[in-house]
Structures are given as C-alpha cells and as structure tokens.
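>>> A predicted structure for the sequence below; I have some questions about it.
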Amino acid sequence: MYKFLPIIKTLIWGSESWQLSGVAGSLSVVYEGPEKGATIAELLSEQREKLVGKRNYQRYGDTFPLLIKFIDAHLPLSVQVHPNDELAMKRHNSFGKTEMWYVLHAEKGAYLYSGFNRLLDPNSYCQMVENGTITDALAKHEVHSGDVFFLPAGRVHSIGGGTTIAEIQQTSDITYRIFDFNRLDKNGNARELHTELAKDAIDYTVFSDYRTHYLPCINRPVELVNCNYFTTSLLELSKPIKFDHSALDSFVIYMCLEDDCEFTDSSNQVITLHAGQTLLVPASNDKLSLRPIGSAKLLEVHN
C-alpha cells in the first residue's frame, strides 16, 4: 500500500492538490516505506499487473490510468471542456478526460456549471463565446457538501468559487478553455482561449438533470459512478469492515474525506490515512481491513 506526496498546483482561481498522478512531468512520489522516493511510473514499471491488474496493464501499459485531485476553488474555474479518447489521441496522442466531482465543502450560495440548459450547435456556441454570454446557456447548479456530478468527455463545465471538491479523472491534462470571465493573470494578460478546438469536442446534448443521485448508507459501499474508466463508491464507516477485492483485477484507491482510517492488508502492513490523504492499494493486495478512528468518510475508486 502506498501514500504519495501531494503535488500542489497554485492557479489563478485557487489551488489543486494532485494526490495520485501519472501525468508526465507531474509524477506522484511515494511518501514513506521501503519504496519511499519512487515515482508511480517506477512502481508500475517494476510491478506491472501486480500493481494495476492484468486488464488495466493490457489496456494502459506503463501509464497509470487515473488522476486523483482535491480542488480548492476560491474563484470560478474557467468554463471548459475535455476531448474524448478518439479526439485526444488524434490531436494530442493522449487519453481523453472523463471525470467526476464529489463536493466536500460549499459556501452558502456556491454553484457550478455542468452541461447546457438549451440546445446549441457549433455556430450558436461560437456566437455566444464571442459576445461573452456563453454562461447564459449553461446549466447552473447550487451545490452542497456531498453533491456528485459525473462529467463525461465533451460536457462543458466550470467549478464556482467557494467550493472544495474531490475529482477523479482519466490520466490527461488536456483542457480546452472556453470562457475565463474576462480576468487577467498576474502579468495583466488574458489566458488563452481554445474556442475552435472546443467546438468539435463539445457534446451539445441537453439533459434534464446533471446531478448524480444516491442514497447514503453507513458501513457499506454506495456506488456513485460506474463508467468505462472508473468506478467510485462512497464509504461512511462507524465500525471496522473487511474487503476481498480479488475479483476486481484492479488497483483500489481510497481518498479520505473526513476523520482517519486505519488500513491493514494481507501481509499485515498497517497504514493510517488522515483526512485529505490518498492511498493506493495494489491489485495483488486484495484482502483489506479498514478500521475508522472515530468515524470516517472515504471515496473508493477502482478501474
């Protein structure tokens, strides 16, 4: 089991803490233990399917398939979209980016944008970007702690200020910025927009509801998202629980959202995960015991 040093990204709107990253140039480094100082790429090169599972290794090779973040938005993020796998591979030789959000904290009145509230086409989209009214066409959602949004590649979105969010996504750092609220960077320059690139990446489909709805339950996993790239469940624990993940053929990631949790694996390795930390459990390490210290809230992610 591995904990990693967070990679802090300070941005114009706030900050990101990359908890687990296989993105080139921002590789996560093991925080403690015998492999302290090793990158996720080095672990994967050495352990291969023992780390990620046979199916994942066949599909992704030496690239760790997920990027795990905490996002602290003081100001709104740009309105943006991410390409799907096909378009990203064609343009950037990269995976696309499907992702999800779990809202950890939201100030009163905080909101985010996800999807459209009306039907647009590429021409009307470009017109609204040009005249600065694109946010009028976006579905605006007031958010609260515990809200979940699934964002398949192609869905236009933006996180509003006053929110802290856990984000699970494909390993990709490709973002097409559509609108940046007319703000300037520290040098007085506007950030680059990618209006034309985004035009062909957008899914213009309108949905009646963009939230993911679920019923919380104590001491058992509650599935939030199950897609082609990851499955994420919410764990709220008040007592110890055991898992047998041998049927998954996948790594398992735990993001600790509240309080602390002690993990014990089949080799009797014990690691305590604190709020704001993330743990990677190799695919070969498929028997786990979790003991909340007090109570604990976690996201469980696998592929």
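Now that the structure is in, tell me what you want to look at.
>>> mind splitting this protein into its structural domains?
Using automatic domain parsing, the domain ranges for the chain come out as 2-212, 222-302.
>>> can you put those domains in a markdown table and add mean pLDDT and mean neighbour count?
Every residue, glycine included, has its C-beta placed from N, CA and C. As requested, the domains of the chain are exported to a markdown table (pLDDT from 0 to 100; neighbours: other CB atoms under 10 Å):
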| stretch | mean pLDDT | mean neighbour count |
| --- | --- | --- |
| domain 2-212 | 97 | 17 |
| domain 222-302 | 96 | 18 |
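>>> helix, strand or coil for residue 132?
coil (DSSP: H, G, I helix; E, B strand; the rest coil).
>>> correct me, but it touches residue 180?
No. Judged on CB atoms under 8 Å, residue 132 makes no contact with residue 180 at a distance of 10.6 Å.
>>> which residues touch the residue nearest the centre of the chain?
Centroid check for the chain by CA atoms, centre = their mean gives residue 168 as the closest residue, at 1.8 Å. Going by CB atoms under 8 Å, 6 or more residues apart in numbering, residue 168 touches 66-68, 99-100, 225, 230, 232, 299, 301.
>>> of all pairs in those residues, which one spans the longest distance?
67 and 225 (15.0 Å; CB to CB).
>>> can you pull out the helices in this protein?
Remark: helices assigned in the chain by DSSP state H are 40-47, 49-52, 54-60, 85-92, 122-130, 195-199.
>>> okay, these in JSON lines with distance to residue 287 next?
Listed next are those as JSON lines, based on distance: least, CB to CB, whole Å:
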{"stretch": "helix 40-47", "distance to residue 287": "17"}
{"stretch": "helix 49-52", "distance to residue 287": "15"}
{"stretch": "helix 54-60", "distance to residue 287": "18"}
{"stretch": "helix 85-92", "distance to residue 287": "33"}
{"stretch": "helix 122-130", "distance to residue 287": "50"}
{"stretch": "helix 195-199", "distance to residue 287": "45"}
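>>> wait, which of those helices is closest to residue 10?
helix 40-47 (21.9 Å).
>>> with just CA atoms, put the closest one into CSV.
This file holds the C-alpha atoms of helix 40-47, laid out as CSV (Å, rounded to 0.1, in the frame of the first residue of the first chain):
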residue,chain,number,x,y,z
ILE,A,40,4.3,5.9,-9.7
ALA,A,41,5.9,5.3,-13.1
GLU,A,42,8.7,3.4,-11.4
LEU,A,43,6.3,1.3,-9.3
LEU,A,44,4.3,0.5,-12.4
SER,A,45,7.4,-0.4,-14.5
GLU,A,46,8.6,-2.8,-11.8
GLN,A,47,5.3,-4.3,-10.7
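>>> which secondary structure elements does that helix contact?
Here helix 40-47 touches strand 22-23, helix 49-52, going by 3 or more CB pairs under 8 Å, 6 or more residues apart in numbering; DSSP states H and E.
>>> select, out of the ones you listed, the one closest to residue 139.
Short answer: strand 22-23, nearest of those by CB to CB, at 28.8 Å.
>>> gap between that closest one and the chain center?
Relative to the centre of its chain, strand 22-23 is centred 13 Å away, using CA atoms, centre = their mean, to the nearest Å.
>>> do stretch 118-134 as well
With CA atoms, centre = their mean as the basis, stretch 118-134 stands 27 Å off its chain's centre.
>>> when you give positions from now on, start the count at 195
Noted, 195 is the first residue going forward, which turns the last one into stretch 312-328.
>>> end to end, how far does it reach?
From its first residue to its last, stretch 312-328 covers 11 Å (CA to CA, to the nearest Å).
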